[in-house]
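Enquirer: any chance you can model this:
(4 chains)
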2 protein chains.
Amino acid sequence: MFRDLNGVSTFDPAEADEFGDDPLFVRAAARTVAVLSAFELASKPLSLSEIAKLSGVERSAAQRMVHTLLALGMIVRDDEDRGYLPGKRILTMAYSCLRLDPVMQRATPILLELRRRTRERVDLSLWDDTRLIYALRMPSKHEIFTATLTGNTVPVYCTAGGLAVLAHLPDQQIADIFGRSDRTPFTPETMTSLEQVMKGVERARHCGHALVTGQILRHEIAMGVAILDTASHPIGAIHLAGSLDEHSPEEFEAKFGSLLQQAGTSISVFG
Amino acid sequence: MFRDLNGVSTFDPAEADEFGDDPLFVRAAARTVAVLSAFELASKPLSLSEIAKLSGVERSAAQRMVHTLLALGMIVRDDEDRGYLPGKRILTMAYSCLRLDPVMQRATPILLELRRRTRERVDLSLWDDTRLIYALRMPSKHEIFTATLTGNTVPVYCTAGGLAVLAHLPDQQIADIFGRSDRTPFTPETMTSLEQVMKGVERARHCGHALVTGQILRHEIAMGVAILDTASHPIGAIHLAGSLDEHSPEEFEAKFGSLLQQAGTSISVFG
DNA sequence: TAGAATGTATCGTCTAGCGATACTCTTGTA
DNA sequence: TACAAGAGTATCGCTAGACGATACATTCTA
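Expert: Model prediction:
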């Protein structure tokens, strides 16, 4: 079985109860977040009971939670399917998240220039443990739906940007991340072994950028370079993605490799 | 004084306390949301006391709130400036918001095609009372930072997309929305009177799309068309934005007007 | 060195959220 | 038409757990 491209992240309701001994832990806040996060597992508007189930909160509690989150605009009703959906206010909060991140501010003009010169899809993603979260997206000609959305996440172990990030970590940590990753393949070509991952990492370490084909989408070729902070730790990546119908891997790399690396260097912080 | 382009939305802490008589209202959830929303008013990492002040929550309560939101990944520390920032998990939640919206799914291929044909900036925004929230962005050559970010909001009364939305509402409601809007001008050309707004609305009603210049950014020309639901109520808009340095308003409209309207019709839901 | 910020920790009070229960409506099926 | 299963809603007593006051350790600034 291959993975649903919506690739919803797993959420364990049990985890919300495992803070018992922490005197500063606000359980109500955890429940609030749990209810809001229920939608990460959804593929359609959710009913009250579904929210309760997915968030691991009692139906009664979920009822009142939803009631106040409705009043606050964090959740809205979908009149058609009579269910609940996350509210637009979440988007506004996400905006704060993007706006306040200094990396994003530096990156924007550089990515626009990269996009202009390559005419291929350019993305900026932020590293979050086993996954990358897409923060800035500049789609090109033809893209599938999820490839245009902010906030979409992909695993680090099988993406160009991810390998570029891993290349800056010790082997031990790479193995750890690989081990904890959800490794359901996206396509028949999605890599499945640590050996394959390490091969990609070594290559990235050697030439400064990572290159993969068909890992998330068939016929897609992607190149990635890491973004580093002042301490030279990776914090995210830039992705350049094209179609194998238009480029051979060799040509893609020769044509855009150095442009991409320059962009990565410009965004990274030094000293 | 003109408006800061980051244009943070106003948040009134007092409002959070005005639910006293509602038996189903969960105060802790409201506080949680208030703390998370504090960042909407921020322009840099926030300290504990700043969060408390902006969210209208007691310092003690804010302390414990922040503590658990840190544990949940909804907030992170910024080691450099030693403050707090919204966490990447917000982005993941925003993704659910976008992914679950059927409008977005229908819109993506249509907007990509529009972008391909016009080579100008294409945006999709969702209507939220006095404002539009940008949900899908396809930047073109040179854009300022905030014009590339998901979740950014603009007033309806002075934007092309906004006027296109207003055109589908009764005059009475337009006046109401205009009255409640924050009307700090963005540029010297930003419209300030209801008469100007109604003129734009009439024009939009007549030719099916709205056209404005220099309202948010100087030298910017923008055209907008509304997206309608099954009941023909506006739910958002498509924006097409270019530069006055490259196009005259007449030429821009003649060249792209019908393309834009076609896109709007394709995305709107009928019957 | 004093002062004003940070962030952190502790604790008793009592409020406000929990969970059980029961109700109304709508929808689909027999 | 009756019935079951599912929606959303409402009420209420108990007590878990959040509140707010207070105090302290650090760090930065003047």
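
Enquirer: any idea how far A:Ala147 is from A:Arg99?
Expert: 23 Å (C-beta to C-beta, to the nearest Å). For glycine as for every other residue, the C-beta is placed from the backbone atoms N, C-alpha and C.

Enquirer: same check on A:Leu98?
Expert: Applying C-beta to C-beta to A:Leu98 and A:Ala147 gives a distance of 18 Å.

Enquirer: the more surrounded of the two?
Expert: Legend: neighbour count by other C-beta atoms under 10 Å in any protein chain shown for A:Leu98 and A:Ala147, higher for A:Leu98 (28 against 20).

Enquirer: domain ranges for chain A, per the record?
Expert: In terms of domains, chain A is parsed into A:13-87, A:101-267 (source: automatic domain parsing).

Enquirer: now the closest residue to chain B within the stretch 101-250 of chain A, nearest residue through space, not along the chain?
Expert: Closest contact between the stretch 101-250 of chain A and chain B, by C-beta to the nearest C-beta, is at A:Gly151 (2.9 Å). With C-beta to C-beta, 6 or more residues apart in numbering or on different chains as the criterion, A:Gly151 has its nearest non-adjacent residue at 2.9 Å, and that residue is B:Tyr95.

Enquirer: in PDB, could you pull the C-alpha coordinates for the helix or strand where that neighbour lies?
Expert: Using DSSP states H and E, the element containing B:Tyr95 is helix B:89-99. The C-alpha trace of helix B:89-99 is given here as PDB (Å, rounded to 0.1, in the frame of the first residue of the first chain):
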ATOM      1  CA  ARG B  89       2.800  23.100  14.700                       C
ATOM      2  CA  ILE B  90       0.600  26.000  13.900                       C
ATOM      3  CA  LEU B  91       1.600  25.600  10.300                       C
ATOM      4  CA  THR B  92       0.500  22.000  10.300                       C
ATOM      5  CA  MET B  93      -2.900  23.000  11.700                       C
ATOM      6  CA  ALA B  94      -3.200  25.600   9.000                       C
ATOM      7  CA  TYR B  95      -2.600  22.900   6.500                       C
ATOM      8  CA  SER B  96      -5.600  21.000   7.700                       C
ATOM      9  CA  CYS B  97      -7.600  24.200   7.300                       C
ATOM     10  CA  LEU B  98      -6.600  24.600   3.700                       C
ATOM     11  CA  ARG B  99      -6.700  20.900   2.800                       C
END
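
Enquirer: distance of the residue of chain A most remote from its centre relative to A:Val33?
Expert: Within chain A, A:Ser60 marks the point farthest from the mean C-alpha position, 33.1 Å out by C-alpha atoms, centre = their mean. Computed as C-beta to C-beta, the A:Ser60 to A:Val33 distance reads 18 Å.

Enquirer: where does the stretch 151-271 of chain A have low pLDDT?
Expert: Residue ranges of the stretch 151-271 of chain A with pLDDT under 70: A:271.

Enquirer: can you give me the helices in it?
Expert: For the stretch 151-271 of chain A, the helices defined by DSSP state H, counting those that start in this stretch cover A:160-166, A:171-180, A:194-207, A:249-267.

Enquirer: in the longest one, what's buried?
Expert: Across helix A:249-267, burial judged by 16 or more other C-beta atoms under 10 Å in any protein chain shown covers A:Phe252, A:Glu253, A:Phe256, A:Gly257, A:Leu260, A:Gln261, A:Ala263, A:Gly264, A:Ser266, A:Ile267.

Enquirer: output the contacting helices and strands for it.
Expert: Applying 3 or more C-beta pairs under 8 Å, 6 or more residues apart in numbering or on different chains; DSSP states H and E, we find helix A:249-267 packed against helix A:102-118, strand A:210-213, strand A:220-228, strand A:234-243.

Enquirer: got the angle for the first one vs strand A:234-243?
Expert: Angle of helix A:102-118 versus strand A:234-243, following axes from the mean of the first three to the mean of the last three C-alpha atoms, to 10 degrees, is 20 degrees.

Enquirer: interface residues of the stretch 1-150 of chain A facing DNA strand D?
Expert: Taking C-beta under 7 Å from any atom of the strand, the part of the stretch 1-150 of chain A that reaches DNA strand D is made up of A:25-28, A:47-50, A:59-60, A:63, A:67, A:82-84.

Enquirer: farthest pair within those residues?
Expert: A:Phe25 and A:Arg82 (34.9 Å; C-beta to C-beta).

Enquirer: more crowded one of those two?
Expert: Relative neighbour count places A:Phe25 above the other of A:Phe25 and A:Arg82, with 16 against 9, counting by other C-beta under 10 Å.

Enquirer: the more buried one against B:Leu72, yeah?
Expert: No. Between A:Phe25 and B:Leu72 there is no contact under C-beta atoms under 8 Å: 9.5 Å.

Enquirer: and the residue in the stretch 101-250 of chain A that DNA strand D sits nearest to, backbone torsions?
Expert: Residue nearest to DNA strand D within the stretch 101-250 of chain A: A:Thr230 (15.8 Å; C-beta to the nearest atom of the strand). With angles defined as degrees, to the nearest 10, A:Thr230 sits at phi -60, psi -30.

Enquirer: that one: neighbouring residues, count only.
Expert: 11.

Enquirer: pretty sure it sits against A:Val269.
Expert: Yes. Here A:Thr230 reaches A:Val269: they are 4.9 Å apart, a contact under C-beta under 8 Å.

Enquirer: need the contact list for the residue nearest to A:Ile235 when sequence neighbours are not counted.
Expert: Distances taken as C-beta to C-beta, 6+ apart place A:Asp229 nearest to A:Ile235, at 5.1 Å, with adjacent residues excluded. Under the criterion of C-beta atoms under 8 Å, 6 or more residues apart in numbering or on different chains, the contact list for A:Asp229 reads A:Ile235, A:Ser268, A:Val269.

Enquirer: out of those, which is nearest to DNA strand C?
Expert: Nearest to DNA strand C among the contacts of A:Asp229, with distances taken as C-beta to the nearest atom of the strand, is A:Ile235, at 21.0 Å.

Enquirer: gap between that closest one and A:Gly161?
Expert: For A:Ile235, the distance to A:Gly161 - C-beta to C-beta - is 12 Å.
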